[in-house]
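> Provided below are the primary sequence and the corresponding predicted coordinates.
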Amino acid sequence: MNNPMLAAVETLLNETFEGPGENGSWYTESKPGSGIFGTLEKLSSDEASISVNGTTIAAQTEHTRYYLWVANSYLNGEEPEKDWGASWKITDVDHMTWERFKKELQQEYTTLLKKVDSLDSLDEQTSNGLLGAIAHSAYHLGSIRQMVKGL
């Protein structure tokens, strides 16, 4: 990738979801498993279903997946029907549902990375969408990690 901004987007998405790389962290905790996937992997479906300040980690996870789906849709030139509130209605999940949520989040993340890899340049709309995906996902990473402390 020859575009420094696209390379930075990819680096920060990787850190948000997969955790910091070998060269340290730009903003997350500098130890392995500090990204969204490492944090979620340590949690059971029962833990993901515990209400902390009115929401659950399962809802945070599903909302993050939904946001990435919307971002991916826009990046593909689509205008999806949106129901932001639906993702927040998640209360408790069983083991299979929790595993599905994590897998679907991984799929949306992978789709976004592939889109970033396919780009040569950025217009303002795409830049805002990609930077928004980083900021929004990082916000929910922080929320989830704080919720974990409350379990």
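Ah, there it is. Residues are numbered from 1 along each chain as shown.
> Please name every helix or strand in contact with the lowest-mean-pLDDT helix or strand in the chain.
Ranked by mean pLDDT, DSSP states H and E, the weakest helix or strand in the chain is helix 84-87, scoring a mean of 87. On a contact count with 3 or more CB pairs under 8 Å, 6 or more residues apart in numbering; DSSP states H and E, helix 84-87 meets helix 57-75. (Glycine included, C-beta is placed from N, CA and C.)
> buried stuff in the helix it packs on?
Buried residues in helix 57-75, counted by 16 or more other CB atoms under 10 Å: 57-72, 74-75.
> and the least confident helix or strand of the chain, how far from the chain's centre?
With CA atoms, centre = their mean, to the nearest Å as the basis, helix 84-87 stands 15 Å off its chain's centre.
> any weak-confidence spans in the chain?
Confidence mapping of the chain against pLDDT under 70 gives the ranges 1.
> what comes up buried for the longest helix seen in it?
Identified as the longest helix of the chain according to DSSP state H is helix 124-150. In terms of neighbour count (16+ other CB under 10 Å), helix 124-150 has its buried residues at 126, 129-130, 133-134, 136-138, 140-141, 143-145, 147-148.
> cool, stretch 95-115 as well?
Residues of stretch 95-115 classed as buried by neighbour count (16+ other CB under 10 Å): 97-98, 101-102, 104-106, 108-109, 111-113, 115.
> which residues sit against the helix or strand harbouring residue 8?
Assessed by DSSP states H and E, residue 8 sits inside helix 4-18. The contact list for helix 4-18 (CB atoms under 8 Å, 6 or more residues apart in numbering) reads 1, 21, 25-28, 35-38, 109, 112-113, 116-117, 119, 122, 127, 130-131, 133-134, 137-138, 141.
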